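>>> Okay, sequence plus prediction incoming.
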Amino acid sequence: MRIQIPSINVDVELTGVPELGNTWAVEWLGSRAGILSGSAMPGEGYTMVAAHNHLNTEEIGPFGLLFDLEENDRIFVNTSDGGMKIYSVYANELIEPNDFRQMASVSENEEGSLILVTCENETLDGGYMNRRVVFAKPMN
């Protein structure tokens, strides 16, 4: 599986991300994007995909430019069965790190949404003040 976002030059492998306690184990993703455990596969319901915003001090991560996505930008997901799902961006939000209620309220009006998530606004201790969340609705 792959996710492609032409407007920000993303074309990366899409894999599964397991839960670890009360969060997801995303550290190992590197230059891949991951479907978060507990969300649906693309085309089967709400799909949450996470990726790093940077890989190190010199290398941008797959979702480093999510903040640049605009309404109607296209996102393509090549599925494991050889198909392709096409999505159109309808919202781009900066939220508190664990504000899943806000994420749910934005996506509830678009059944089958693709929700892209990354960290933003790094703190001195290596944490993050916010999450960048992009919402896209299915086109097919």
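Great, that's in hand.

>>> For Asn130, see how far away Gly38 is.
22 Å (CB to CB, to the nearest Å). C-betas here are computed from N, CA, C, even on glycine.

>>> Look at these two and report which has more neighbours.
Asn130 (16 against 11; other CB atoms under 10 Å).

>>> how about the more buried one, secondary structure?
Using DSSP: H, G, I helix; E, B strand; the rest coil, the structure places Asn130 in strand.

>>> which ones are touching it?
Each residue near Asn130 by CB atoms under 8 Å, 6 or more residues apart in numbering is listed here: Leu94, Ile95, Glu96, Pro97, Cys119, Glu120, Asn121.

>>> List only buried entries from those residues.
Ile95, Cys119, Glu120 (16 or more other CB atoms under 10 Å).

>>> Now do stretch 55-71: everything it contacts.
Here stretch 55-71 has contacts from 5, 7-10, 12, 30-33, 50-54, 89-92, 94, 116-118, 120, 132, 134, using CB under 8 Å, 6+ apart.

>>> Help me confirm that Gly112 is found in a strand?
No: under three-state DSSP, Gly112 sits outside any strand and is assigned coil.

>>> and it, how many residues sit next to it?
17.

>>> Same question for His52.
Count around His52 with other CB under 10 Å applied: 22.
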